[in-house]
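> coords below, sequence missing:
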């Protein structure tokens, strides 16, 4: 999912890359991508995506999950 030159990505591309990492379950990398998108565009949909992901992670409790 990483590109060879991440410095040239647009906010939209960072957001989409973050979505890809989120779908893979790579939460930290997704958040990092969302933060990059937000830095480039404070109105990016990455703002909402990051908040949603942080909210999920804040309420996630491994001991409560019993397969």
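Noted; the coordinates are in hand. Everything quoted here is computed from the prediction, not taken from an experiment. Numbers count the residues shown, from 1 in each chain.
> list the buried residues for the helix or strand harbouring residue 58?
Using DSSP states H and E, residue 58 sits within helix 46-59. Within helix 46-59, the residues that count as buried by 16 or more other Cβ atoms under 10 Å are 46-47, 49-50, 53. Every C-beta, even on glycine, is put in place using the N, C-alpha and C of the backbone.
> chain center to that helix, what's the gap?
How far helix 46-59 lies from its chain's middle: 8 Å, per Cα atoms, centre = their mean, to the nearest Å.
> can you check stretch 41-49 too?
Distance, centroid of stretch 41-49 to centroid of chain: 10 Å (Cα atoms, centre = their mean).
> and for stretch 23-32?
For stretch 23-32 - counting by Cα atoms, centre = their mean - the centre lies 5 Å from the chain centre.
> ok, so of the buried residues of helix 46-59, who is nearest residue 39?
Closest approach between the buried residues of helix 46-59 and residue 39, by Cβ to Cβ: residue 46, at 9.4 Å.
> residues touching stretch 37-46, excluding its own?
For stretch 37-46, contacts defined as Cβ atoms under 8 Å, 6 or more residues apart in numbering pick out 10-12, 14-15, 18, 33-35, 47, 50.
> okay, buried residues for that stretch please.
37-38, 40, 44-46.
> distance between the ends of it?
End-to-end span of stretch 37-46 (Cα to Cα, to the nearest Å): 6 Å.
> which residues are in contact with the spatially closest residue to residue 22 that is not a sequence neighbour?
Nearest non-adjacent residue to residue 22, counting by Cβ to Cβ, 6 or more residues apart in numbering: residue 30, 4.0 Å away. With contact taken as Cβ under 8 Å, 6+ apart, residue 30 is in contact with 18-19, 21-22, 49, 53.
> hmm, try it at 6 Å
The contact partners of residue 30, by Cβ atoms under 6 Å, 6 or more residues apart in numbering, come to 18, 21-22.
> ok so, going back, just the buried ones from the contacts of stretch 37-46?
Among the contacts of stretch 37-46, the ones that count as buried by 16+ other Cβ under 10 Å are 11, 14-15, 18, 33-34, 47, 50.
> mind putting those into TSV with secondary structure?
Shown next, in TSV, are those (DSSP: H, G, I helix; E, B strand; the rest coil):
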residue	secondary structure
11	helix
14	helix
15	helix
18	helix
33	helix
34	helix
47	helix
50	helix
